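J.: Below are the sequence and a predicted model for it; my questions follow.
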Amino acid sequence: MISASYLSDQFASSLSYDRYLQIGTEEQRRRWAQVYDAAHLTDAQKLLVAGFAREMKILIFSGIWCGDCVQQCPLIHRVAEANAAKINLRFVERPKESELAPELQINGGSRVPVVVFLSEDNECCATAGDRTIHRYRALARAKLGPLCPTGIVAPEKDEVDATLGDWLNEIERVQLMLRLTPRLRQKYQD
(Lines give C-alpha, C1' and ligand atoms only; values in the text may rest on other atoms or scores of the structure.)
Protein backbone atom coordinates (compact mmCIF):
# COMPACT_ATOMS: atom_id res chain seq x y z
CA MET A 1 0.00 0.00 0.00
CA ILE A 2 1.17 3.51 -0.76
CA SER A 3 1.93 5.56 2.35
CA ALA A 4 -0.06 8.68 3.15
CA SER A 5 3.17 10.65 3.64
CA TYR A 6 4.44 9.71 0.15
CA LEU A 7 1.10 10.67 -1.39
CA SER A 8 0.99 13.89 0.62
CA ASP A 9 4.46 14.84 -0.66
CA GLN A 10 3.51 13.99 -4.25
CA PHE A 11 0.30 15.98 -3.98
CA ALA A 12 2.13 18.99 -2.51
CA SER A 13 4.51 19.09 -5.48
CA SER A 14 1.90 18.32 -8.15
CA LEU A 15 0.37 20.68 -10.71
CA SER A 16 -3.16 21.80 -11.48
CA TYR A 17 -4.55 20.80 -14.88
CA ASP A 18 -3.81 24.17 -16.47
CA ARG A 19 -0.29 24.35 -15.04
CA TYR A 20 0.34 20.76 -16.07
CA LEU A 21 -0.60 21.47 -19.69
CA GLN A 22 1.91 24.33 -19.75
CA ILE A 23 4.81 21.87 -19.45
CA GLY A 24 3.84 20.38 -22.82
CA THR A 25 4.50 21.54 -26.33
CA GLU A 26 1.92 23.43 -28.36
CA GLU A 27 1.08 20.20 -30.21
CA GLN A 28 0.65 18.27 -26.95
CA ARG A 29 -1.67 20.99 -25.60
CA ARG A 30 -3.67 20.82 -28.85
CA ARG A 31 -4.14 17.07 -28.45
CA TRP A 32 -5.33 17.41 -24.85
CA ALA A 33 -7.65 20.29 -25.83
CA GLN A 34 -9.33 18.32 -28.64
CA VAL A 35 -10.33 15.57 -26.20
CA TYR A 36 -11.41 18.09 -23.56
CA ASP A 37 -13.53 19.92 -26.15
CA ALA A 38 -15.18 16.65 -27.23
CA ALA A 39 -16.13 15.66 -23.66
CA HIS A 40 -19.21 17.01 -21.90
CA LEU A 41 -21.08 15.88 -18.83
CA THR A 42 -24.82 15.49 -19.20
CA ASP A 43 -27.07 17.58 -16.96
CA ALA A 44 -27.72 14.48 -14.82
CA GLN A 45 -23.98 13.85 -14.48
CA LYS A 46 -23.36 17.49 -13.51
CA LEU A 47 -26.09 17.27 -10.88
CA LEU A 48 -24.57 14.08 -9.48
CA VAL A 49 -21.09 15.60 -9.17
CA ALA A 50 -22.47 18.85 -7.74
CA GLY A 51 -23.99 16.79 -4.92
CA PHE A 52 -20.66 15.45 -3.67
CA ALA A 53 -20.32 16.23 0.03
CA ARG A 54 -16.79 15.08 0.87
CA GLU A 55 -13.58 16.68 -0.20
CA MET A 56 -11.48 14.32 -2.26
CA LYS A 57 -8.14 14.53 -3.97
CA ILE A 58 -7.32 12.95 -7.30
CA LEU A 59 -3.62 12.63 -8.06
CA ILE A 60 -2.72 11.53 -11.58
CA PHE A 61 0.72 10.25 -12.49
CA SER A 62 0.75 11.09 -16.17
CA GLY A 63 2.83 11.79 -19.22
CA ILE A 64 2.00 14.92 -21.18
CA TRP A 65 3.38 12.95 -24.17
CA CYS A 66 1.29 9.81 -23.53
CA GLY A 67 -1.56 8.97 -25.93
CA ASP A 68 -3.59 7.21 -23.22
CA CYS A 69 -3.20 10.23 -20.93
CA VAL A 70 -4.31 12.50 -23.78
CA GLN A 71 -7.46 10.44 -24.26
CA GLN A 72 -8.40 10.10 -20.58
CA CYS A 73 -7.02 12.87 -18.34
CA PRO A 74 -9.12 15.64 -19.94
CA LEU A 75 -12.20 13.53 -19.16
CA ILE A 76 -11.26 13.36 -15.49
CA HIS A 77 -10.73 17.12 -15.55
CA ARG A 78 -14.28 17.57 -16.94
CA VAL A 79 -15.63 15.66 -13.92
CA ALA A 80 -13.45 17.53 -11.43
CA GLU A 81 -14.36 20.97 -12.72
CA ALA A 82 -18.05 20.15 -12.19
CA ASN A 83 -17.39 20.42 -8.43
CA ALA A 84 -14.03 22.10 -7.88
CA ALA A 85 -14.98 22.81 -4.26
CA LYS A 86 -14.96 19.08 -3.46
CA ILE A 87 -12.62 17.58 -6.08
CA ASN A 88 -8.99 18.68 -6.07
CA LEU A 89 -7.35 17.31 -9.25
CA ARG A 90 -3.57 17.38 -9.57
CA PHE A 91 -0.91 15.95 -11.90
CA VAL A 92 2.61 14.58 -11.54
CA GLU A 93 4.63 14.22 -14.73
CA ARG A 94 6.40 10.93 -15.30
CA PRO A 95 9.21 11.44 -17.78
CA LYS A 96 9.34 8.75 -20.48
CA GLU A 97 12.52 7.18 -19.14
CA SER A 98 11.46 7.27 -15.47
CA GLU A 99 10.04 4.42 -13.44
CA LEU A 100 7.00 4.77 -11.21
CA ALA A 101 7.16 3.70 -7.61
CA PRO A 102 6.65 -0.09 -7.45
CA GLU A 103 3.28 0.41 -5.73
CA LEU A 104 2.05 2.41 -8.73
CA GLN A 105 3.16 0.04 -11.45
CA ILE A 106 0.50 -1.81 -13.43
CA ASN A 107 1.04 -5.34 -14.65
CA GLY A 108 4.74 -5.05 -13.81
CA GLY A 109 5.30 -1.83 -15.74
CA SER A 110 5.38 1.93 -15.40
CA ARG A 111 2.21 2.67 -17.34
CA VAL A 112 0.39 5.97 -17.23
CA PRO A 113 -2.03 7.36 -16.39
CA VAL A 114 -2.21 6.03 -12.87
CA VAL A 115 -4.97 7.73 -10.92
CA VAL A 116 -4.77 7.74 -7.12
CA PHE A 117 -7.88 8.75 -5.19
CA LEU A 118 -7.22 10.28 -1.78
CA SER A 119 -9.25 11.40 1.17
CA GLU A 120 -8.95 14.97 2.41
CA ASP A 121 -6.20 13.81 4.78
CA ASN A 122 -4.23 11.96 2.07
CA GLU A 123 -5.34 8.43 2.86
CA CYS A 124 -5.30 6.27 -0.26
CA CYS A 125 -8.82 5.19 -1.19
CA ALA A 126 -8.23 3.60 -4.58
CA THR A 127 -6.04 3.51 -7.64
CA ALA A 128 -7.08 3.15 -11.26
CA GLY A 129 -5.32 3.05 -14.57
CA ASP A 130 -3.93 2.77 -17.12
CA ARG A 131 -7.15 2.54 -19.12
CA THR A 132 -10.84 2.11 -18.41
CA ILE A 133 -12.82 -0.83 -19.78
CA HIS A 134 -14.27 1.24 -22.62
CA ARG A 135 -10.81 2.47 -23.59
CA TYR A 136 -9.51 -1.11 -23.63
CA ARG A 137 -12.46 -2.24 -25.73
CA ALA A 138 -11.84 0.53 -28.27
CA LEU A 139 -8.16 -0.40 -28.52
CA ALA A 140 -9.02 -4.06 -28.92
CA ARG A 141 -11.46 -3.22 -31.74
CA ALA A 142 -8.88 -1.13 -33.51
CA LYS A 143 -6.17 -3.80 -33.13
CA LEU A 144 -3.46 -1.19 -32.81
CA GLY A 145 -0.72 -3.72 -32.18
CA PRO A 146 2.25 -3.03 -29.93
CA LEU A 147 2.34 0.75 -30.33
CA CYS A 148 0.41 2.96 -27.97
CA PRO A 149 -2.08 5.42 -29.45
CA THR A 150 -0.65 8.78 -30.36
CA GLY A 151 -3.51 11.04 -29.36
CA ILE A 152 -3.11 12.84 -32.70
CA VAL A 153 -6.75 12.17 -33.54
CA ALA A 154 -9.50 12.53 -30.94
CA PRO A 155 -11.36 9.33 -30.10
CA GLU A 156 -14.86 8.77 -31.49
CA LYS A 157 -17.71 10.54 -29.62
CA ASP A 158 -19.19 7.25 -28.36
CA GLU A 159 -15.83 6.22 -26.90
CA VAL A 160 -15.35 9.63 -25.27
CA ASP A 161 -18.80 9.44 -23.67
CA ALA A 162 -18.31 5.85 -22.51
CA THR A 163 -14.83 6.48 -21.08
CA LEU A 164 -16.06 9.67 -19.39
CA GLY A 165 -18.80 7.54 -17.83
CA ASP A 166 -16.23 5.00 -16.63
CA TRP A 167 -14.21 7.72 -14.88
CA LEU A 168 -17.32 9.32 -13.41
CA ASN A 169 -18.38 5.95 -11.99
CA GLU A 170 -14.99 5.48 -10.34
CA ILE A 171 -14.97 9.01 -8.93
CA GLU A 172 -18.51 8.53 -7.61
CA ARG A 173 -17.51 5.19 -6.06
CA VAL A 174 -14.70 6.86 -4.12
CA GLN A 175 -16.98 9.76 -3.14
CA LEU A 176 -19.47 7.27 -1.70
CA MET A 177 -16.63 5.49 0.10
CA LEU A 178 -15.63 8.80 1.69
CA ARG A 179 -19.23 9.69 2.48
CA LEU A 180 -19.91 6.38 4.23
CA THR A 181 -16.61 5.76 6.03
CA PRO A 182 -17.14 5.74 9.81
CA ARG A 183 -14.08 7.90 10.59
CA LEU A 184 -15.30 10.78 8.40
CA ARG A 185 -18.93 10.37 9.44
CA GLN A 186 -17.81 10.70 13.03
CA LYS A 187 -15.61 13.70 12.23
CA TYR A 188 -18.47 15.53 10.48
CA GLN A 189 -21.28 14.14 12.64
CA ASP A 190 -23.31 13.04 9.63
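T.: Ah, there it is.
J.: who's in contact with the lowest-mean-pLDDT helix or strand in the chain?
T.: In the chain, no helix or strand scores lower on mean pLDDT, DSSP states H and E than helix 133-142, which sits at a mean of 81. Applying C-beta atoms under 8 Å, 6 or more residues apart in numbering, the external contacts of helix 133-142 come out as 68, 71-72, 131, 149, 155-156, 159, 162-163, 165-166. No exception for glycine: its C-beta is placed from N, CA and C like everyone else's.
J.: okay, among those residues, which ones form the most distant pair?
T.: Pro149 and Gly165 (19.4 Å; C-beta to C-beta).
J.: for the least confident helix or strand of the chain, which positions count as buried?
T.: 134-135, 138-139 (16 or more other C-beta atoms under 10 Å).
J.: Contacts made by stretch 42-50 with the rest, please.
T.: 41, 79, 82-83, 87, 165, 168, 171-172.
J.: try 7 Å
T.: 79, 82-83, 168, 172 (C-beta atoms under 7 Å, 6 or more residues apart in numbering).
J.: Just the ones in helices from the residues you listed, please.
T.: Counted as lying in helices by DSSP state H, out of those, are 79, 168, 172.
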